[in-house]
Structure formats: C-alpha cells, structure tokens
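> need the 3D shape of this:
(4 chains, ligands or ions: 2)
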Amino acid sequence: MIYLDHAATTPVAKEVLKAMEPYFSQMYGNASSLHSPGQEARKAMEEARESVAKLINADPDEIVFTSGGTESDNLAINGAGFHVFARFRKEGKKPHIITSRIEHPAILETCRHLEGIGFEVTYLKVDKEGMVDPKELEKAIKKTTILASIMHANNEIGTIEPIGEIAKVCRKHLVLFHTDAVQTFGKLPIDVKKLGIDLLSASGHKLYGPKGVGCLYVRRGVKLAPQAHGGGHEKGIRSGTENIAGIVGFGKACELAMGDMKKESSRLENLRKRLVREVLKMPNSRLNGHPTKRLPGNANFTFDFIEGESLLLRLDSRGIAASTGSACSTKKLAPSHVLTAIGLKVEETHGSLRLTLGRQTKGKDIDFTIKAIREEVEALRKMSPLKR
Amino acid sequence: MIYLDHAATTPVAKEVLKAMEPYFSQMYGNASSLHSPGQEARKAMEEARESVAKLINADPDEIVFTSGGTESDNLAINGAGFHVFARFRKEGKKPHIITSRIEHPAILETCRHLEGIGFEVTYLKVDKEGMVDPKELEKAIKKTTILASIMHANNEIGTIEPIGEIAKVCRKHLVLFHTDAVQTFGKLPIDVKKLGIDLLSASGHKLYGPKGVGCLYVRRGVKLAPQAHGGGHEKGIRSGTENIAGIVGFGKACELAMGDMKKESSRLENLRKRLVREVLKMPNSRLNGHPTKRLPGNANFTFDFIEGESLLLRLDSRGIAASTGSACSTKKLAPSHVLTAIGLKVEETHGSLRLTLGRQTKGKDIDFTIKAIREEVEALRKMSPLKR
Amino acid sequence: MANGLYSERVMKHFRKPHNLGKMKDPDGVGKIGNRRCGDVMWIYIRVKANRIADIRFQTLGCAAAIASSSILTDMAKGKSLEGAIKITSKGLAGELGGLPPVKLHCSVLAADALAEAIYDYYKRRKKPVPKGLQKRHDTLKERGESH
Amino acid sequence: MANGLYSERVMKHFRKPHNLGKMKDPDGVGKIGNRRCGDVMWIYIRVKANRIADIRFQTLGCAAAIASSSILTDMAKGKSLEGAIKITSKGLAGELGGLPPVKLHCSVLAADALAEAIYDYYKRRKKPVPKGLQKRHDTLKERGESH
Ligand SMILES: Cc1ncc(COP(=O)(O)O)c(C=O)c1O
Ligand SMILES: Cc1ncc(COP(=O)(O)O)c(C=O)c1O
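Ligands and ions are numbered 1, 2, ... in the order given. Predicted coordinates:
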C-alpha cells in the first residue's frame, strides 16, 4: 500500500513503538502511586514532557497531556472561555472569540457550541489561497475579545497561516492566542516563546506517535478552567490516569521529529512539487491552497467532471490510500467547509483529492501515483455525462 | 516486585499487547478514512466494541469509547446534566443529581463543579461499611432529580454497592442511573439489561488493558450532551480520532476477563481472606469496608500508631507495591474522603494501607507480604512516641 | 473485496460497471441529478416491442451512484416498460446488498433516471404517458432534478 | 535510591534514622504535632556544659517527618543551646536535599520540637528562658502544636 494520507494519521515509528513497549506490561505503574513502579512511570512521563516541550521551546511544566488534538482544542477554547464566562455574565457581557472559517471541526464545533450558551464568535474569512489576514483579525478585536484561535496550517489544503503576525496582534490587544498546530507540530519549526503563543494544540498520531495522546501547551500564567474533573492530574486542568505508554511514545516521536525535521520537510517538498507539477498537466485540474506557503507534504487537487470519492476508491483498488478532504468528514455529504471558504463552487468541491506525503513516501511511489491518478481520472471522466 | 496495587492500575496482559501490536505500525489507518487502511481500522474497532459490549450484555452501539474512566465519569454526569440544563433554567429550576460521599473524585469533583454553575447535588451518607442505602436514595429523589450516580464498588475500601436495587428505585421514579464500574468491570458479572442501568463507566487499565482508553455504556434512548466537539466521532458524543490500538487492547482485555472472571475472582477472594485473617492477628489493626460484600482482591487496613505513607515506603523497599488509598490522592494531605465517610477518625485515616490483589498474585506473595507487614508495622510502632 | 462502507456487490459494480457509456440514437434518455448536490446520471434506453432491448448509462458520482446505475441497467434490461417502471430504489439497494443510509438517495436517483428515460420514450413516440409516470416527471421537474 | 517524591537523602534517613528511640531521664523533651494533622514528634535532649551532648527522637509520621527528625538530631548534636535554637526548617530541608512543597511543614515541626526541648530544659533547670524562645513556645501552645 502506498499510503498518502499522512494528514489523517501516520504509522507509529519503529523507535517510538520500541520506546513504548516496556510501559505496557513491565513498567506499568500508575504515575500517581508513591511506590517504585508508580515513580518509575512518573519519571518516564516527565522525561517525555521534556522532549515534547523542547520541540517548541516551551518549559516542561507548560505541557498538559491530553487524549489527542480534539481534546486539546476543546480544552483550549472551553478552558479559556469558561475561565471568564461567569465574570462576563455578571457584567452582562458576552465573551468574544475570533477564529477562522477553515479551522478543524474540533475548533469550529466547540465555538458553535459556545455561541449557543452565550459567547460571541467571529469566523474570519480567508482568501482564495486559504490565508487569514492579520489586519482583518485586528479589526475584529473588540473590548470583549478574550481569545483568538487560528490554526498553524490547514489540514485539508495545507496553507500555512501567518501565526507570528497574528500572535503579535493578539499580544498588542491583550487577547489570548491559541493555535491548532496539529498538522505542523514536529513538521515545521515552532518557537512558542519567539512567536508569542499562549496556547497550542498537538496530537501524537500525526507525527508518527500513537493515537490517543496529545498535548496542550499552556504558557505559564495563562489560566484555564479545567475540563476534566477528578483526581487533579496535569495540574488539575486535565484529570485522568495518565496514558504512560502513549505519553512516552509521543515524547519519542518529538525527539525523532527534532532530529529529521529540516531534511524531511525539504525532501517532502520536492516530492510534492513533482507530484503537483505532473498532475496539473492534466486538463481541468487545479491545486487548492497556497502555491508555496503550504505544508511540505500536502497536495490538494480539484478535478472537474469526477467525484472525489470514486477517485479515492479506484486509487485504493490500485493500492494507493488518499483522501477527499479531512478524514473526519467522510461520513457527511456536506461539501468541505474549507474548500467552500476558499471560494470553490459546490460542484467543484465534490471533485477534490488530498494526497499527504510522509516519511515512508519514496520517489517511485510518487511516480506510480501520478500514473494512477491520470488513468483513473481519465476512466472516471469517461463515465461522466458532463465531460464531452 | 510483588505488585499489590491492582486497584490503581494493572499490567497489560500479554495477549492484550499482542492484539494491540499490529495497530501501531502496520494497520495504522484512521477509522474515519474511506480507504482500505482506514476501513481495516474501523473493522478492528467495531470488533472490539462487540467484545466490550458482550462483557456487560450491552449492544455494541451502546458503547462509547473514551480516554479512560475519568472521562467516562465526566461525560456521564456532564452529558446528562447539560442535556437538560437549558430547559430547567428556562423554567427557573435547578436539575438535581444524587450521588454518594464515597464516589471517585471523577464523580465528586464533577458534581461540585456543576453545583457551582446552577445544579443541586445530594451526597448520600454511607454506613460504617461503606454501603449506600437504596431507601435513603429513594427519599432523596425529588421532582427535579435527573440522575443518580452510585459506584458499583469503591476503589479504596472495596465495598460493593446494591446497584440492582438502586437501579430499580431510579427506574421507578424515571431518574437516570449511572454507575462507575471502573473497579468491577471484568471482575464481577454485570448485566446492564437485567440490572436496569442507563449509564456505566469503565476503564481499560484496571482490567489488564492499556491506559488511555475506557468506555461509557449509554443505554439506547438515553440522550447526552456531547462533551468533546469536533469531527463527530462516536455518534457525535465524543469527537477525536479513535485510539485504535488502545481500543483493540481494551476489547481483548474484555474477552480475557469474560473467560477467567469466575475462577479468578474466587482465587483472589481466597488469597485476600488469608491476608486479612493473618494481618488482623496484629493488635490495633482493623479492616475497612464491608467484611464480605467487597471486591475479591481488596484489603484495606487501619493500623494504629503509624503513618500509612511510611508503611508504604518501607514495604516498597522490601519489594512490595501497596497504596495508602486511591492513587490519585497521594499528593494531597487531606485525609481520605472515603475513610472519613465510613466514620474513621481523622487520626485513624492516616494509618491506612490498601492492598489490591490481581492476576499475577500468588499464594507465596501473600505469605511474604503478611510477614513484611507485621515486621514493618512493628518497626514503625517502635519509632512512635504514642505507642507504649 | 467489500469496503467497510460499501457491500461487496456495490464495490463489484463500481469497479466494473455493466452497460457503461453513451448510446447512439437512443429511443429515450433520462437525465437526473445535478452537480451541486453531487451526482448526475444519464440513462439511455432502446425499446423494442415494448421491452427494454438495450440500456446504457453515464454517471458522475460516488461509488454508490455508479453501482446503482450499473445494477439498474442489469435489472431493467429485457423488462417490459411497465415492469421497468416498477423498479424501486429499495429494489436497487436490495440487489446491491444494501447501501449506507447517507447513500440511499443514489438508488433513488437511478430509479428516477430510468423512469425519466421511459417518459422521454413515450414523449418522443407521442404515446400517452401513464398517469403515475407523468406525475413523477412533473415532481422531478419541479424539484429541479430532471433535465 | 531516591524516590520520585523524595530526595535520596530523605530516603536514607527515613530507612535508617539516626538517634532513634526514647531517652531515659532526659534533660529536656519537646513534643510537637498532633495525630489529627498527621505527624507527632518527640525530641529528647541531654545537655552538658550548655551543649547538646545527646539527642534522640520518636516520630509518628510520614517519611519526611521521620527524615526531618533524624537530620535534626544529627545537626543539633554537639551544638551549644544557642546554636541549636538557630536550626531552621529551611536548614533542615536544605540538608535533606529539599522536600516536596506539601511536606515542608515536616521540617518546621522538627525545628519546633527541638526548640521545645530546649525550652523544657530551661524550665526544668529554672533558668531564664531567652525572650525569642519564650515567644515561640507561647505561639506553639496557642496553636495547640506543643504538648
Ligand atoms: C488541524 C487539526 N486539528 C485537530 C485535529 C484533531 O486531532 P485528533 O485526531 O488527535 O483528535 C486534526 C486531525 O484530525 C487536525 O488535522
Ligand atoms: C472507581 C473509579 N472511578 C474512576 C476512576 C478513574 O479512571 P481512570 O484512571 O481511567 O481515569 C478510577 C481509577 O482511577 C476508579 O477507581
């Protein structure tokens, strides 16, 4: 199988699995236990916390482990929101949150839920290439604005947002800035201190770590209302027995990413460029997202006269795993909110295909894929009554 | 190491680890992806869901996977609470929840948080052996009562609650019934249909499955407000990319538990009885919790004139891992809320030790432990100024 | 091989659709669906002695749409016009071994497309259109699904 | 071996406490703490030529309490009474390689227990009690920590 869906999830790296393995059946202590097995587990967890922190130049005590990117996003938005909600309500005001129209559902749905219970949310437009304009964001800020959440890079079209500039705007107006870095964590360099980020979400399974673990970076001094109540784990912000093996794996994945980020991202970028160049030679095909400011491994195409799902399934039959958009929305019939936000007509959104490259992607896989896409798009277009 | 802290966490069973392993680096698809690796992951997840459901005679579509017991408890209480909250508030009423004083912090802290935002909570007393009285619960029910949450067995003192009777009372008054079965899932037989349970929490790492995965049983027809917003996973109640390896491991752990529950629980009960009998031969020592209606592997002692933490650390030096109470509260100095609730004086709560037996516990481990406890309690009493 | 979302039968028809392609000089054509909503299906029929002697399709759509079109042509071929009109979306989905709930509308489209092709045949031949069929056509026109 | 919660030094003193046990006919005894709050410490001293010639302790408490008592006896032994009174909780915690924040009060108890023992010695000998020590004793009595 040629796996070209690394934005959906990645295989656990060999080294990561090896690092995790002792923590299932041998060093299985509960990190809250005072005895040696417990303290051994705690030590492993704190070492992992250091590896995770290091990747983004954070301090270890600024890392809160969670069950994944979705929980991190929910915790950031709800945690910041509910920290001020009671006070605002007493003063008869609605806390205001700014985000963009192309965020992951973990952000968008959380914001919509908050709107339902008394928050105000501004969903910023993006341009044709998926860019948020920091000036627009600044214009949207009002006295009641408590938080802005703009993703680092979009999971569907790969566009990288100007989060440094956005963070500056937020700091200037004393607005908290959260970024969903699930797609960039370990793939692009991130320095939370230099960038001035207050909250940042990441997920283990997107960077060759295990599923079911992630983290939220919480800058020291930023206060969040806890979202999981219980034994007071993770400084009381996120209770629940810690997933030690998962956390250790996440830590190891961060270490590996530190090591190969630069080389790997330029390798992926080259492969992606070749893929895009060759595929766009086909008539009636376009690239979605920004031509250059995009995730190194992300290519997102629109092909006229065909349905993305059919193309995906035909590629699957040929041993190529691709996506029509984000993995989470395959069950829904609604057109992608991201493609719609960058101005694609509804009929165009149906013909999209996302290919996301990763560590095991080789040049010959790309060649094979180019050929397969050409043939399958051709075959599907032949079936179509609209193509003449 | 003689590990006698199975109530805090358990080692992952060999068979469980083996079942999980292929889902890290080989079958690593995202269960939401339409391509073969994705569908392979989905299939594995649905098979695990069947194993989990079978263990408690539920239907697979009544199982919602979570990140663990704490999340399941939070989801049950918050999910049921917020499902009705807006309606109640409109009518100027406070939704009422009934629980007990000896619940796990995942329940108690969630309830306290809800009290802070406009719910009413009754914390039922328990008797000297830790029993909730179903009649007291019935008396506490009012028109506004929406939910009762009583744990199946207590994690500190092991007392098994009469959840069948309690469920009946709840059904009679049309009150939802949730039970935190984290300590009994896979250890005692549970039939949610026969018992009439609406919601039930479980956690993988307490039954030889991995940490970071658990489930909430949600009886068909019971509506919960989603607590994690995002891609709409787990029927929209719990979004987030599913932890496939963890879920597969949890499923396998349930299968194994189905197989050996009966035999294992009577084996553990016998070992525990021997332990209790021998330890209680020491003067100034008592057993906490119910003498017979208790978790097979749970023994909880109070020793006068010593501090539990010191005993725990001295046992640890001798290769025995024990606990002073619940793992999650070792960092706090407050006396155990459970021991206080069953009427122990504060000074008595300090001298408690919990030993929880499990699959790898052998008869000779118990003998060694009995001897070690005797010697170490003696040694610590010799240090004490209060013992004469 | 079955796909997790689709039955084995759906995948078979999707991978190797039967009666695929344009028909030259058909006796009737049914055009259903629109690109905004997703799927577009064209069904071509040749009628001999009141029977569907030949049938072909062109579909732009998902696997369920392509498979529904393909199974429809199999089922309709050789049937009398009266018989063919009775092919229901349920019948199609059943023959396909079921469709996922979000995809059931694809089988509706396919059944409608055949009905439209038969309607077109009656119209071209200036034959009286059965009452039920006329009504069905009017509804589809109204809803903007027929073209 | 260090424990995750405690330093190596704490664990060493906890496992093998120095100067443990009752003292026969001591010149002064300090009794601090109460069982409700957790720890109880008794410090016994023998005074020769205004110096602490011997010191022993009995403690009911956690590892930090036992280690604090033990290190206290090491540090006090041989010191003049004036010097011994100056041993602070910070000094004890420092000698132990640090204590976790929730356990710092154990080192406070130990320092107080020694002060109380010295107070007791002055009282028994009917010697004038230094002003600071009298104040400290009064505060401890008030708070119910001295017995
Ligand atoms: C940008 C973005 N945010 C959040 C998430 C959610 O993370 P997780 O899958 O770990 O729940 C994803 C991936 O699904 C993502 O791509
Ligand atoms: C009774 C009970 N409920 C809930 C929990 C929390 O489960 P988890 O550790 O999976 O968060 C535990 C264990 O810690 C428990 O014993």
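> residue closest to the middle of chain C?
C:A110 (3.1 Å; CA atoms, centre = their mean).
> I'd like to know which elements whichever strand or helix holds that residue is packed against.
C:A110 belongs to helix C:104-124 when assigned by DSSP states H and E. In this structure, helix C:104-124 makes packing contacts with strand C:28-33, strand C:40-48, strand C:51-60, helix C:63-76, helix C:81-85, helix C:89-95, helix C:131-142, judged by 3 or more CB pairs under 8 Å, 6 or more residues apart in numbering or on different chains; DSSP states H and E. For glycine as for every other residue, the C-beta is placed from the backbone atoms N, C-alpha and C.
> and the nearest residue to C:H147 once chain neighbours are set aside, bridged to which residues?
Spatial nearest neighbour of C:H147, excluding adjacent residues (CB to CB, 6 or more residues apart in numbering or on different chains): C:K31 at 4.3 Å. Counting by DSSP bridges, C:K31 is bridged to C:W42.
> of all of chain A, which residue lies closest to chain D?
A:Q39 (3.0 Å; CB to the nearest CB).
> how far away is the residue lying closest to A:T99 once chain neighbours are set aside from A:H178?
Leaving aside its chain neighbours, A:T99 sits nearest to A:S149 (4.6 Å; criterion: CB to CB, 6+ apart). Applying CB to CB, to the nearest Å, the value for A:S149 to A:H178 is 4 Å.
> shared neighbours of the two, which are they?
A:A76, A:I77 (CB atoms under 8 Å, 6 or more residues apart in numbering or on different chains).
> so which of those two has more stuff around it?
Between A:S149 and A:H178, A:H178 has the larger neighbour count (other CB atoms under 10 Å in any protein chain shown), namely 31 against 26.
> that one - nearest residue in space that isn't next to it in sequence?
A:L199 (3.8 Å).
> pull the contacting residues for the one you found.
A:A76, A:A80, A:L176, A:F177, A:H178, A:T179, A:L216, A:Y217, A:V218, A:R219, A:V222.
> check what pLDDT the fifth one gets.
Reading off the per-residue confidence, A:H178 sits at a pLDDT of 98.
> look at residue 91 and say how many residues are nearby.
Reading this off chain A. Residues contacting A:E91 under the criterion other CB under 10 Å number 8.
> oops, chain C please
15.
> around the nearest residue to the residue nearest to the centre of chain C once chain neighbours are set aside, how many other residues sit close by?
Nearest non-adjacent residue to C:A110, counting by CB to CB, 6+ apart: C:S68, 3.9 Å away. Number of residues near C:S68 (other CB under 10 Å) recorded here: 34.
> how much space separates C:S68 from B:V279?
In this structure, C:S68 and B:V279 are 71 Å apart, going by CB to CB.
> and if you look at A:V16?
A:V16 sits 43 Å away from B:V279, taking CB to CB as the criterion.
> okay, these two: which has more neighbours?
In terms of neighbours (other CB under 10 Å), A:V16 is the more surrounded of A:V16 and B:V279; the figures are 26 against 22.
> show me the contacts for residue 78.
Chain wasn't specified; assuming chain A. Counting by CB under 8 Å, 6+ apart, the residues that A:N78 touches are A:T110, A:L114, A:A225, A:Q227.
> chain C was what I was after
With contacts defined as CB under 8 Å, 6+ apart, C:G78 is in contact with C:R51, C:I52, C:A53.
> low-confidence ranges, chain C, go.
C:1-3 (pLDDT under 70).
> care to break chain A down by domain?
Per the record, chain A has its domains at A:2-8+A:261-382, A:14-256, by automatic domain parsing.
> hey, C-alpha coordinates of stretch A:174-192 in PDB?
Output in PDB follows, covering the C-alpha atoms of stretch A:174-192 (Å, rounded to 0.1, in the frame of the first residue of the first chain):
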ATOM      1  CA  LEU A 174      -4.100  41.600  25.300                       C
ATOM      2  CA  VAL A 175      -6.100  38.800  23.600                       C
ATOM      3  CA  LEU A 176      -5.100  35.200  24.300                       C
ATOM      4  CA  PHE A 177      -3.800  33.500  21.200                       C
ATOM      5  CA  HIS A 178      -4.400  29.800  20.600                       C
ATOM      6  CA  THR A 179      -3.100  27.900  17.500                       C
ATOM      7  CA  ASP A 180      -4.100  24.400  16.400                       C
ATOM      8  CA  ALA A 181      -0.700  23.100  15.400                       C
ATOM      9  CA  VAL A 182      -1.800  19.500  15.000                       C
ATOM     10  CA  GLN A 183      -0.600  19.500  11.300                       C
ATOM     11  CA  THR A 184       2.700  21.300  11.900                       C
ATOM     12  CA  PHE A 185       3.900  20.000  15.300                       C
ATOM     13  CA  GLY A 186       7.200  18.200  14.500                       C
ATOM     14  CA  LYS A 187       7.000  19.200  10.900                       C
ATOM     15  CA  LEU A 188       7.700  22.900  10.900                       C
ATOM     16  CA  PRO A 189       9.800  24.700  13.400                       C
ATOM     17  CA  ILE A 190       7.800  26.300  16.200                       C
ATOM     18  CA  ASP A 191       9.200  28.500  18.900                       C
ATOM     19  CA  VAL A 192       6.300  29.400  21.200                       C
END
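> name the residues of it that are buried.
If you call a residue buried by 16 or more other CB atoms under 10 Å in any protein chain shown, then stretch A:174-192 has these buried ones: A:175-187, A:190, A:192.
> go on, stretch A:268-278?
Buried residues in stretch A:268-278 (16+ other CB under 10 Å): A:L268, A:E269, A:L271, A:R272, A:L275, A:V276, A:E278.
> what average pLDDT does it get?
98.
> now do stretch A:68-78
Computed over stretch A:68-78, the average pLDDT equals 98.
> burial count for the residue nearest to A:V182 when sequence neighbours are not counted?
Once flanking residues are discounted, A:V182 sits nearest to A:G69: 4.1 Å by CB to CB, 6+ apart. Under the neighbour criterion other CB under 10 Å, A:G69 is assigned a count of 29.
> would you list the phi and psi of A:G69?
Here is the backbone geometry of A:G69 (degrees, to the nearest 10): phi -60, psi -40.
> would you confirm that it contacts A:Q183?
No: the pair A:G69 / A:Q183 is not scored as a contact, 9.1 Å apart, by CB atoms under 8 Å.
> list residues touching both of the two?
Common neighbours of A:G69 and A:Q183, counting by CB under 8 Å, 6+ apart, are A:K206.
> picking that back up, what's near enough to touch the residue nearest to the centre of chain C?
C:A110 is in contact with C:I32, C:M41, C:I43, C:A65, C:S68, C:S69, C:I71, C:L72, C:S89, C:L92, counting by CB under 8 Å, 6+ apart.
> any idea how far C:T59 is from it?
From C:A110 over to C:T59 the distance is 8 Å, taken as CB to CB.
> next, the residue of chain C at minimum distance from chain D: secondary structure please.
Proximity to chain D, evaluated over chain C using CB to the nearest CB, is greatest for C:G4 at 44.5 Å. Following DSSP: H, G, I helix; E, B strand; the rest coil, the label given to C:G4 is coil.
> shouldn't it be in contact with B:Q39?
Yes: shown here, C:G4 and B:Q39 form a contact pair, counting by CB under 8 Å, at 3.0 Å.
> tell me, what residue is most central in chain A?
Centre-most residue of chain A, counting by CA atoms, centre = their mean: A:V182, 2.8 Å.
> that's a helix at that residue, yeah?
No: assigned with three-state DSSP, A:V182 falls outside any helix and is coil.
> wait, C:R124 touches C:G28, no?
Yes: counting by CB under 8 Å, C:R124 touches C:G28, with 6.5 Å between them.
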